[in-house]
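Asks: Let's see this in three dimensions:
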Amino acid sequence: MLKKASAFLIASCCVMSLAWAQANDNWYEGKPISAISFEGLEYIARGQLDTIFSQYKGQKWTYELYLEILQKVYDLEYFSEVSPKAVPTDPEYQYVMLQFTVKERPSVKGIKMVGNSQIRSGDLLFKILLKKGDIYNEVKMKVDQESLRRHYLDQGYAAVKISCEAKTEAGGVVVQFTIQEGKQTVVSRIQFKGNKAFTESVLKKVLSTQEARFLTSGVFKENALEADKAAVHSYYAERGYIDARVEGVAKTVDKKTDASRNLVTLTYTVVEGEQYRYNGVTIVGNQIFSTEELQAKIRLKRGAIMNMVAFEQGFQALADAYFENGYTSNYLNKEEHRDTAEKTLSFKITVVERERSHVEHIIIKGTKNTKDEVILREMLLKPGDVFSKSKFTDSLRNLFNLRYFSSLVPDVRPGSEQDLVDIILNVEEQSTANVQFGVTFSGVGEAGTFPLSLFCQWEEKNFLGKGNEISVNATLGSEAQSLKLGYVERWFLGSPLTVGFDFELTHKNLFVYRAGSYGNGLPHPYTSREQWASSPGLAESFRLKYSRFESAIGAHTGYQWYPRYAVIRVNGGVDFRVVKNFYDKDNNQPFDQTVKEQLNWTSINSFWTSVSFDGRDFAYDPSSGWFLGQRCTFNGLVPFLEKEHSFRSDTKAEFYVTLLNYPVSAVWNLKFVLAFYTGVSVQTYYGRRKSENGKSNGVRSGALVIDGVLVGRGWSEDAKKNTGDLLLHHWIEFRWPLAHGIVSFDFFFDAAMVYNIESQSPNGSSSASSSSSSSSSSTEGLYKMSYGPGLRFTLPQFPLKLAFANTFTSAGGIPKTKKNWNFVLSFTVNNL
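Replies: This next block holds a predicted model:
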């Protein structure tokens, strides 16, 4: 750090002399910066530096701006030498290029672990910051040395010794960590002395340290002793023993019994003291809130066993009542009053109320790509506002939901005056680009088709660091080709108004039944609806292959509000689509009237609107909260131009509750979440084209369906059997995050039902075949249910679900389960 500061000082002092000498002194002042270039690069990618410094292009040169750029160059810690220079980019000297001639620090050629035998080198490499190809940094090497030492201590190697050195070789530096592991220490026994109120077995359950036995490693961690002592103290304090304490923990180490491990016996010496009861609280000095309001924050009843933990929580809630309303500089003091004869405890809380605190500055640190205004617009607090804890918490939730940052550490510090505060946001950016490409299999069972399709998708959720979204999706196959473009501006004209556009071109080869010749309104060769409904699919000789071309352009907009109880979003959009089918009309006629009508260019337009109330903690991987949404879609906007008109309603509700959130280590919690979902969708048709005999032709485009992927997981039967006008879908998921924000193990129960409202029959079957079920009000046997385990990835770059589903139905209250398990691959779709 001293070398870096000295180099920066020298460069700053000579900025106005030799480094900037050109044809005319100070010619560059006030000139726009056209480019920032780096000469002398060997290992560092130019594109990486261009991304960091692109925000300065176009700005006018000033001395302060130059110092800011130079400081950022040194903060990168990539270079041992930096020589700046101003270069004109045009003969008139109207534009300036900042050119930095640099000497790179050596890169890390390799990393070696020497002496380790109990912990694999791969596991150790995962714990350090330095990686092969990084610019060598001595400070990072020392940090990695300490990180490895802590890792060994966490694994019970209390006597571990680690040294590090950097060896310069041709092509870079080799970093070597030399490790003397020693023997692992495990806890063979835990015992207590001085405990009378609670048994030894009860107190053992409070400790994070456990004895070594089957399925329990019993690894001894020195740093866990203080936490365990605090846990014992809290256990007693919650039960009235306010003076209880752990005087010490004796460690007896046995090095002889086990040749490979040290066995340690831990003896906790406890002083319990007397048990006290709660005798109330007196509050003085309060004027903003009444005494009754503040006393209600402490949820203890007079005469009850004293619970110090609950009292401290109530005292914090009392302080938060002021903090929430901007009184951050208030003074609160609690005094304890004991009655040793009656064994009661009371408190006096003194409040010194001061003026409300206002936000002076919002300071953002750590951004490289994201513009400051993208972060500031998500903040519900602005400079000059009265500070509010709930608005501050909701602002952090908004920033987390952007998914632009891998780390977000907030801080609130005193401002320049007593009643002013500064909000500091320390962020670490993560990749917001999502690139997918590969090969998919489709049409494997279709004769004469090539079953491979190529796809490529690129999506950037923080385009140019301005918080906008852009996406390109292309598919190329023998039976389907598509190109989709999308753009979304999340804050249009500086307000929380979303504006987006979509464009799509699609070509598909599809199959449909040929028109029947029996005059019964059925496809060839069926003579009854029962026969048609029970058929497994299209027979090769009875189907017609046709090509379908679609072109669509859409626009959508939305607005959101941030009341205290939830985020409210209102959205709407329009979609204009033209369709044309191609087939041999002279020799073949399709049964589907819609396919026949679309032989000519046909317009299909739609309008949709939605409203949602979002009370989830995090929209993309919630642990608690709720969501309620309603969406309405109108298909067919022009009566004379469009042949088919329909209305669709989708109602969705979600609820999440955390069952367990236990800190296992400093970076991982054992967490269980229970998630509930229910949805109702209804599709109604009006103004539909009738067949010649006056009856509906039985074919409806866009019908609701159990697809076996997102709805009714595992039910991958013929979609014709699982379509209708009414769709009910419910699921329950038990979620266990294995790596928070990355992957979760889920166990789900899924139930879905489709119903044909017109024929009053489930699953699109005919009314004749379902007369018995339509006469009954019970839905038993109509639901298609499934259950099974799966993995859910929550990374924006990998939003996939992998699951195994066992399907079943119910008859007479008895489940009818299939013996086979179906693999289901789907996408993680979050309601917004």
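Asks: what's the spacing between Leu263 and Leu225?
Replies: Counting by C-beta to C-beta, to the nearest Å, the gap from Leu263 to Leu225 is 17 Å. Using the backbone N, CA and C atoms, a C-beta is placed for each residue, glycine as well.
Asks: swap in Pro563?
Replies: Distance from Pro563 to Leu225, by C-beta to C-beta: 47 Å.
Asks: Which one's more surrounded, these two?
Replies: Using other C-beta atoms under 10 Å as the criterion, Pro563 and Leu225 rank with Leu225 on top: 19 against 9.
Asks: so the more buried one touches Val249, yeah?
Replies: Yes. Using C-beta atoms under 8 Å, Leu225 makes contact with Val249 at a distance of 5.5 Å.
Asks: Secondary structure class of Val829, three-state.
Replies: coil (DSSP: H, G, I helix; E, B strand; the rest coil).
Asks: Ramachandran coordinates for the nearest residue to it once chain neighbours are set aside?
Replies: Nearest-residue entry for Val829: Leu710, 6.6 Å, with adjacent residues in sequence omitted and distances by C-beta to C-beta, 6 or more residues apart in numbering. Dihedral pair for Leu710: phi -90, psi -30, per degrees, to the nearest 10.
Asks: quick one: contacts for Leu710?
Replies: By C-beta atoms under 8 Å, 6 or more residues apart in numbering, the residues touching Leu710 are 826-827, 829.
Asks: What are the buried residues along the particular helix or strand that has Ile423 in it?
Replies: Assigned by DSSP states H and E, Ile423 belongs to strand 420-429. Under the neighbour-count criterion of 16 or more other C-beta atoms under 10 Å, strand 420-429 has 420-423, 425, 427, 429 buried.
Asks: repeat for stretch 309-329
Replies: For stretch 309-329, by 16+ other C-beta under 10 Å, it's 310-311, 314-315, 318-319, 321-329.
Asks: returning to what we had before: any common contacting residues for Leu225 and Val249?
Replies: Contact with both Leu225 and Val249 is made by residues Leu266, according to C-beta under 8 Å, 6+ apart.
Asks: Tell me the one of the buried residues of stretch 309-329 nearest Gln48?
Replies: Nearest to Gln48 out of the buried residues of stretch 309-329 is Thr328 (C-beta to C-beta; 40.4 Å).
Asks: gap between the strand holding Ile423 and the chain center?
Replies: Strand 420-429 sits 21 Å away from the centroid of its parent chain (C-alpha atoms, centre = their mean, to the nearest Å).
Asks: Identify all contacting residues around it.
Replies: With contacts defined as C-beta under 8 Å, 6+ apart, strand 420-429 is touched by 328, 357-370, 375, 379, 381, 387, 392, 399, 404-415.
Asks: And stretch 798-812, by the same measure?
Replies: By C-beta under 8 Å, 6+ apart, stretch 798-812 touches 713-715, 746, 748, 750, 780-781, 783-793, 815-818, 820-829.
Asks: Quick one: buried ones out of those?
Replies: 713-715, 746, 748, 750, 783-788, 790, 792-793, 822, 824, 826, 828.
Asks: Distance check, the closest residue to Trp715 other than its chain neighbours against Ile298.
Replies: Using C-beta to C-beta, 6+ apart and skipping residues adjacent in sequence, the residue nearest Trp715 is Gly708, 4.4 Å away. Going from Gly708 to Ile298 by C-beta to C-beta gives 54 Å.
Asks: what do you get for Phe672?
Replies: 30 Å.
Asks: who's more crowded, these two?
Replies: The neighbour comparison of Phe672 against Ile298 (other C-beta under 10 Å) goes to Ile298, with 20 against 15.
Asks: Which helix or strand contains that one?
Replies: Residue-wise, Ile298 maps onto no helix or strand under DSSP H and E.
Asks: I figured it was touching Gln316, is that so?
Replies: No. If you go by C-beta under 8 Å, Ile298 and Gln316 don't touch, sitting 10.0 Å apart.
Asks: circling back: adding pLDDT and distance to Glu39, write the contacts of Leu710 out as JSON lines.
Replies: Output for the contacts of Leu710, formatted as JSON lines (pLDDT from 0 to 100; distance: C-beta to C-beta, whole Å):
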{"residue": "Ser826", "pLDDT": "80", "distance to Glu39": "50"}
{"residue": "Phe827", "pLDDT": "75", "distance to Glu39": "46"}
{"residue": "Val829", "pLDDT": "74", "distance to Glu39": "48"}
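Asks: residue boundaries of the helices in the stretch 251-400 of the chain?
Replies: Taking DSSP state H, counting those that start in this stretch to define them, one finds helices in the stretch 251-400 of the chain at 291-295, 308-324, 372-376, 389-402.
Asks: so which of those comes closest to Asp123?
Replies: Taking these one by one with C-beta to C-beta, helix 389-402 is closest: 29.5 Å.
Asks: For the closest one, C-alpha coordinates in PDB please.
Replies: Coordinates of each C-alpha in helix 389-402 appear next as PDB, following Å, rounded to 0.1, in the frame of the first residue of the first chain:
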ATOM      1  CA  LYS A 389     -35.600   2.000   8.600                       C
ATOM      2  CA  SER A 390     -38.400   0.300   6.700                       C
ATOM      3  CA  LYS A 391     -37.600   2.400   3.600                       C
ATOM      4  CA  PHE A 392     -34.000   1.600   4.000                       C
ATOM      5  CA  THR A 393     -34.700  -2.200   4.300                       C
ATOM      6  CA  ASP A 394     -37.100  -2.100   1.300                       C
ATOM      7  CA  SER A 395     -34.400  -0.300  -0.700                       C
ATOM      8  CA  LEU A 396     -32.000  -3.000   0.000                       C
ATOM      9  CA  ARG A 397     -34.600  -5.600  -1.100                       C
ATOM     10  CA  ASN A 398     -35.000  -3.700  -4.400                       C
ATOM     11  CA  LEU A 399     -31.200  -3.800  -5.000                       C
ATOM     12  CA  PHE A 400     -31.000  -7.500  -4.200                       C
ATOM     13  CA  ASN A 401     -33.900  -8.300  -6.600                       C
ATOM     14  CA  LEU A 402     -31.900  -6.600  -9.500                       C
END
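Asks: Not counting it itself, show me its contacts.
Replies: Contacts for helix 389-402 (C-beta under 8 Å, 6+ apart): 320, 323-324, 374-375, 378-381, 385, 405, 408, 410, 412, 423, 425, 427, 462, 467, 562, 564, 617-620.
Asks: and with 6 Å instead?
Replies: 323-324, 378-381, 408, 410, 564, 618-619 (C-beta atoms under 6 Å, 6 or more residues apart in numbering).
Asks: how about the helices in the stretch 1-150 of the chain?
Replies: For the stretch 1-150 of the chain, the helices defined by DSSP H, counting those that start in this stretch cover 2-13, 46-53, 63-75, 121-125, 138-154.
Asks: Would you check the distance separating the longest one from the middle of the chain?
Replies: Relative to the mean C-alpha coordinate of its chain, helix 138-154 is positioned 29 Å out (C-alpha atoms, centre = their mean).
Asks: likewise the fourth one?
Replies: Centre-to-centre, helix 121-125 and its host chain are 28 Å apart (C-alpha atoms, centre = their mean).
Asks: re earlier: out of the buried residues of strand 420-429, the closest to Leu129 would be?
Replies: The closest of the buried residues of strand 420-429, once distances to Leu129 are taken by C-beta to C-beta, is Glu429, at 16.5 Å.
Asks: what's across from the closest one in the sheet?
Replies: Beta-bridge pairing of Glu429, defined through DSSP bridges, involves Phe405.
Asks: mind checking how far it is from Arg403?
Replies: Taken as C-beta to C-beta, the span from Glu429 to Arg403 is 11 Å.
Asks: same question, Glu274
Replies: Distance from Glu274 to Arg403, by C-beta to C-beta: 53 Å.
Asks: These two: which is more packed in?
Replies: Neighbour count, other C-beta under 10 Å: between Glu274 and Arg403, Arg403 has more, with 19 against 12.
Asks: Look at the more buried one and report its pLDDT.
Replies: Note on Arg403: pLDDT of 85.
Asks: Use 42 as the first number for this chain going forward.
Replies: New numbering, starting at 42: the last item is Arg444.
Asks: Any chance of the backbone angles for it?
Replies: Per degrees, to the nearest 10, the backbone of Arg444 is at phi 60, psi 30.
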